[in-house]
Every structure is written in C-alpha cells, then in structure tokens.
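> Pasting the sequence and the predicted coordinates here, then a few questions.
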Amino acid sequence: MLRNMTNPLRNTATARLSALANQLVPTSQPIVASNTLSYQPATFPTNSSFSHPPQRYQQHNQQQHPSRSYSTMSQANQAAHPLTMIPGPIEFDDEVLAAMSHPAVPHTSPTFIKIFQESLQLLRKLFFSTDPNAQPFILAGSGTIGWDVVGANLIEAGDAALVLNTGYFSDSFADALEVYGAKVDNLKGPQIGSKPSLEQIEAALKAKTYKIITITHVDTSTGVLSDVEAISKLVKSVSPQTLVVVDGVCSVAVEPIKFDDWKVDFVLTGSQKGLATPSGLSVLFASAQALDVVKNRKSPSGSYFASIPRWLPIMQAYESGKGAYFATPAVQNVYALLASLRQFATSSEQLEERFAKHAATSDYVKDTLAKAGLKTVSVDRESSAHGMTAVYLPEGISNADLLPLVLKKNVALAGGIHKEIVSKYFRVGHMGISATTPSLGHIDTALNAILEALKELGYTY
Ligand SMILES: Cc1ncc(COP(=O)(O)O)c(C=O)c1O
C-alpha cells in the first residue's frame, strides 16, 4: 500500500509507522476506537448496609503512586463491553491493550530483544529474586503448559509427587503430572474450602520422600489461598531435596511470592489474571536447585516444546541482550506483558502497594457479600484469595437464574467449577485494574449487579 502513495504521503505514513514501532506504550494517541464503557458506575442505595465503601478501602485507594498513578489507569479507548469480573481473563488497562497492537517486528531484532530482556528482568523483580542462578521464562501458551513444563522436566517415570489439593485445579495439576509418570499422593483439608494443615504436610513429608510438592497458591475453583511461605520453609527443613512447585496462575502479581527468601523452586503462571495482560503467555520461574534437577535427569526431558533444556539457553540469550531461536515467541503478547509489568513491577514498593490494594479490595468485596448474608466457599478469611471470591448461592437460586440476570446488568461472572459443588456457587474476580483503580467503579458495579439481581430473584436478607 505504501508503494502506491505519492512521496510526501508515503514519507508521512512511513514516519508515523516507525514512530509507532519505536514506541512501546503509546501515551496520548488512542489507537483503538474511542468508546466509553456502556455501563455506569453504580451508586448504592443510601439506606443499604453496603452504601459506602468502608473507610479503609477509600483511604487506601486514594493514595498517589510513585510511577504511574493507578488513578490515571484508563479504559477510555475501549469499545463498550460487559464488565468482565471473572477470575481471569480480567479487565485491561488501555496502555496494555495498545501495546498488543504493536506493528510487526522481527522476533530476533535488537528492538524486540530489548523488550524481551526488560520483561525477563522485571519478572525477577516481580518474584523478589536476586539470585542470578534462578531463571525466568516467557513461553507462548497458557497456564496449563506450565504443568507440562513441570511434568516433562521435574518428573521422571515413577517419581513421587505430593499434591496439596485445594480444588479442581489441584486435581488437574495431579492429572498432568501423572501423564509424565508421577506417582501422585493428594493431601486435602477436612472439607471443601479448606487446605491441608502444616501438621498434615509435615507428617506426609516424614512418611515418604517426594521429588516434588505442589502448592496451588490460589485454587481458582474454591478461592482457597495457601500459605506458600510457611509450606516452603517447612519442606526445606523437613525434606530439603523436595522441590517446592507453586501453581501461581491465580496468585502471581496479586499475592506476594518472595521466591528466594521462601526457598521456592518453581512458579508457573499465565498472563491473563494478576499479570493483567491478554491470555497467551506462560510465565515460569525456576530456582538453581530445580535447574540442577533438570540437568541431572537420567532420561531426556519428556516434551519437545515444553523442554527446559531447549528454552533455558534462549531465555539466557534474550536476557543478556542477544537473540536466539527455538520457537517463535508471542511477540505482541510480550509487548503487552512489558507494558503491564512496567506499571507495577519496577520496585518492591510498587509491588507491596499492589498487594495491599488487592487485599483491601478483597476485604471490601467479602465484607459486602457477608453483610448480604452470603457465604464464601473458602472456610475462613485467612484461607481466602485476594483476587477472587467464590460465593455460595442462596437456597433456591441457581446460576442459571443469577448469572444471565447479572449479565443483563452488563457484568460477566463465572459459575462454579469444583465438581462436588459445581451448581451451588459462583465466582467473582477482582484482580488488576478493577481492584487497584476504584475510580473505574468496577467493584461497586459488580457488587451492585449481584445484589440487585438476587433481590429481583426474591432473595432478602
Ligand atoms: C490455578 C490455576 N491453574 C491452572 C490454570 C490453567 O490455566 P490456563 O487456563 O491459562 O491454561 C488455571 C486456569 O484458570 C488456574 O486457575
């Protein structure tokens, strides 16, 4: 098309394109259609018990921020759409979506190498890791490929794996490990919504030697939060050779993970939840101990694509500022990931503030729902995730009644997924921009929609 343009036009177009290409995050120029969201931020009825956000929530969220103020985060350039309040994918900030529209750039070019390099460097900050022998990875894929990476590289046929099981996603992780020949023992808490105790875990580790123990940091099916720090420290004191593997798909960038201090060996996540980026990336972080286990395998890695030995030199090359190829990276997704990481992972202060904001928002959501007489699936607050809430339906109301009614109010929620209680509960996501930027009104809009819909279905409290 440029070839058919007259010279001055072509020069202008070329200049615009190369300006865009050199700009990771467009700042003032919207590059998507300028539509505001169709929903209106909700105002609560003044006589309601949830009419005013608790003071702590308001104060906390009014603070100003060191790099990019959360209050400037915007969705002004996005087409109207139902507010996506599921536990991932989540609502996006304009800058992150704009970064996805980066023009074509070769994945081995110096321009892209710099983008990949900075992304890997910021992942070290995200995990509070300064150990040069630990290694971040960014692969094309979703959270699930992380399970394959664990199975194919840390498991050899017959190896024992202890799965701390807090719901559907722990079951699935166990299934994935069995594909690679693991002998899996599941350890559960006393009821759905609980987690195994430290005493149970210690006894299991003393009774048998496990190659790996897996912790689903937040099981997205139940909203149960596990205490990675306490478990990891326990494992390293009772069974130091056991690798601590964390499924952080619903926790990374919402809940803290202090990789070196807590002596974690492997974290896997996807891009579409706490990382606040479109789906499409698998993000991994491996300790030196985990990489040694891979190096010293008796059999080759059990996968072609999900092979740490194949990806390790590629990540090391990118991080040191050189290009390398094994399989094509998801170029535009990496641009979006970097745009997102630059918003919250450039310093530990920024990260701590992000965690605190998620915790405050989570308390607000859970308090509001509790005041309305609704019960969470997680048995207590200490075991509850900060980026999502799983809520039991009131007696006599089904998801088939509630969710379409809430959607009519322009809010998308998720149904149940845990097989034993699937029809009895629903799930609300409160991660990323929805949790950190109350001026967008997402949280109040979602809560209002839920409570109004329940009222229309005859629920009183
Ligand atoms: C805790 C957990 N682990 C793993 C997965 C699988 O990730 P994905 O759907 O991105 O493949 C999910 C998905 O929601 C999850 O919540």
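Here it is on my side, so go on. Residues are numbered from 1 along each chain as shown.
> Contacts only, for the residue of the chain at minimum distance from the ligand.
Closest contact between the chain and the ligand, by CB to the nearest ligand atom, is at residue 143 (2.5 Å). (Glycine included, C-beta is placed from N, CA and C.) Residues near residue 143 by CB atoms under 8 Å, 6 or more residues apart in numbering: 247, 249, 268, 269, 270, 282.
> ends of stretch 258-275, how far apart?
Distance between the two ends of stretch 258-275: 16 Å, counting by CA to CA, to the nearest Å.
> What is the helix or strand hosting residue 98 packed up against?
Secondary structure from DSSP states H and E places residue 98 in helix 94-100. Helix 94-100 sits against helix 331-344, with contacts defined as 3 or more CB pairs under 8 Å, 6 or more residues apart in numbering; DSSP states H and E.
> and the protein, which residues reach the ligand?
Neighbours of the ligand within the chain, by CB under 6 Å from any ligand atom: 88, 142, 143, 144, 169, 216, 219, 220, 247, 249, 250, 270.
> What average pLDDT does the helix holding residue 98 get?
Here helix 94-100 scores 97 as its mean pLDDT.
> do the same with stretch 286-302
On average, stretch 286-302 scores 98.
> which other residues reach that stretch?
131, 133-135, 137, 151-157, 180-181, 211, 243, 259, 263-266, 307-310, 312.
> can we see that at 7 Å?
Applying CB atoms under 7 Å, 6 or more residues apart in numbering, the external contacts of stretch 286-302 come out as 131, 133-135, 151-154, 156, 180, 243, 264-266, 307-309.
> buried subset of the residues you listed?
In those, burial by neighbour count holds for 134-135, 151-154, 156, 180, 243, 264-266, 307-308, counting by 16 or more other CB atoms under 10 Å.
> Please verify my assumption that residue 246 contacts residue 217.
Yes. The criterion here is CB atoms under 7 Å, and residue 246 meets it with residue 217 at 5.3 Å.
> shared neighbours of the two, which are they?
Counting by CB under 7 Å, 6+ apart, the common neighbours of residue 246 and residue 217 are residue 228.
> centre of the chain versus stretch 141-150, how much separation?
14 Å (CA atoms, centre = their mean, to the nearest Å).
> Then stretch 176-183?
24 Å.
> Check stretch 118-128 too.
Counting by CA atoms, centre = their mean, stretch 118-128 is centred 15 Å from the centre of its parent chain.
> got it, and stretch 333-345?
13 Å.
> contact partners of it?
With CB under 7 Å, 6+ apart as the contact definition, stretch 333-345 has outside contacts at 24-25, 68, 93, 95-96, 99-100, 102, 115-116, 118-119, 122, 125-126, 138, 253, 271, 275-278, 280-281, 350-351, 354.
> from those, which ones fall inside strands?
138, 281 (DSSP state E).
> buried subset of the contacts of stretch 333-345?
Using 16+ other CB under 10 Å, the buried members of the contacts of stretch 333-345 are 24-25, 68, 93, 95-96, 99-100, 102, 115-116, 118-119, 122, 125-126, 138, 253, 271, 275-278, 280-281, 350-351, 354.
> Quick check: the two most widely separated of the residues of the chain next to the ligand?
142 and 219 (16.8 Å; CB to CB).
> Give me the more crowded residue out of the two.
Ranked by neighbour count (other CB atoms under 10 Å), residue 142 and residue 219 place residue 219 first, with 33 against 16.
> Can you give me the pLDDT of the more buried one?
Looking at residue 219, the pLDDT reads 98.
> How about the one 4 residues further on?
Per-residue pLDDT puts residue 223 at 98.
> which residues sit in contact with it?
Contact partners of residue 223, counting by CB under 7 Å, 6+ apart, are 376, 377, 378, 384, 385, 388, 389, 390.
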